[in-house]
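[1] Prediction below, plus the sequence it came from.
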Amino acid sequence: YKKVANQVKPVATTMPSRACIVCRFPEDPLLSLPTVSPNPPEFTPGTRLTVERMKDLGVFQNLFLWPKEQKLVAHILSLNELALAWDETEKGRFRNDYFLLVIIPTIEHTLWVHHQPPIPP
C-alpha cells in the first residue's frame, strides 16, 4: 500500500527512439556452451564454486534428485562457475556487442506549490 503522496502517476507520452532496448546476436550463443557428459565426474571445487558454496546451494542435500542427477547438477554448475556471483566483486554485466547501454527516459515536470489558504483572525 502506498500513501497518496508517494503514488506515481503515469504520464501520457511516447517513448523516444533512442531509449529502445535492442538485443543483437553477433554469434550463436549455443555454440559456446560446453558439452555435458552423460556420466559426470565427481565434484571438484573451482575458483568461484567452492565446497562451502556448494553446501549453501544444497545440491547434495536435495533428496528429490537422484545421486547421478546431483552429480550432473554439480558438473553443470562447475562448467559455468564464472556465471555465478556470490558478492558484488564477482558480478559482471552483459557484453556490449549483445546489449547497448540502457537509457532511462525522463520528462520535465512543472513545479507546483500548494499554498495554505489564509487563516482568518
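    Now that the structure is in, tell me what you want to look at. Residues are numbered from 1 along each chain as shown.
[2] pull the longest helix from this structure.
    helix 67-79 (DSSP state H).
[3] What are the contacting residues of that one?
    Contacts of helix 67-79 with the rest of the structure, by C-beta atoms under 8 Å, 6 or more residues apart in numbering, involve 34, 36-37, 40-44, 46, 49, 54, 57, 59-60, 62, 65, 84. Yep, even glycine has a C-beta here, placed from its N, CA and C like the rest.
[4] do the same with stretch 33-49
    With contact meaning C-beta under 8 Å, 6+ apart, stretch 33-49 is reached by 51, 54, 60, 68, 71-72, 74-82, 84-86, 90.
[5] switch to 10 Å and redo it
    Stretch 33-49 has contacts (C-beta atoms under 10 Å, 6 or more residues apart in numbering) with 51-54, 57, 59-60, 68-86, 90.
[6] How about stretch 4-17?
    With C-beta under 10 Å, 6+ apart as the test, stretch 4-17 has contacts from 2, 103, 105, 107, 109.
[7] so who does the last one touch?
    What that stands for is residue 109. Applying C-beta under 10 Å, 6+ apart, we find residue 109 in contact with residue 11.
[8] One more: the second one?
    With contacts taken as C-beta under 10 Å, 6+ apart, residue 103 has the following neighbours: 16, 18-21.
[9] Between which two of the residues you listed is the distance greatest?
    Farthest apart among the contacts of residue 103 by C-beta to C-beta are 16 and 21. That separation is 12.3 Å.
[10] Can I get the contacts of stretch 4-17 in CSV including pLDDT, distance to residue 9 and secondary structure?
    Below are those laid out as CSV (pLDDT from 0 to 100; distance: C-beta to C-beta, whole Å; DSSP: H, G, I helix; E, B strand; the rest coil):
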residue, pLDDT, distance to residue 9, secondary structure
2, 77, 11, coil
103, 85, 22, coil
105, 84, 16, coil
107, 79, 12, coil
109, 72, 11, coil
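[11] biggest separation within those, which pair?
    Within the contacts of stretch 4-17, 2 and 103 form the most distant pair, 26.7 Å apart (C-beta to C-beta).
[12] Where does the prediction get shaky in the protein?
    By pLDDT under 70, the low-scoring segments of the chain are 110-113.
[13] Specify the local secondary structure of the residue nearest the centre of the chain.
    The structure's the chain has its C-alpha centroid closest to residue 93; by C-alpha atoms, centre = their mean the separation is 9.1 Å. Each residue gets one of three states, and residue 93 gets coil by DSSP: H, G, I helix; E, B strand; the rest coil.
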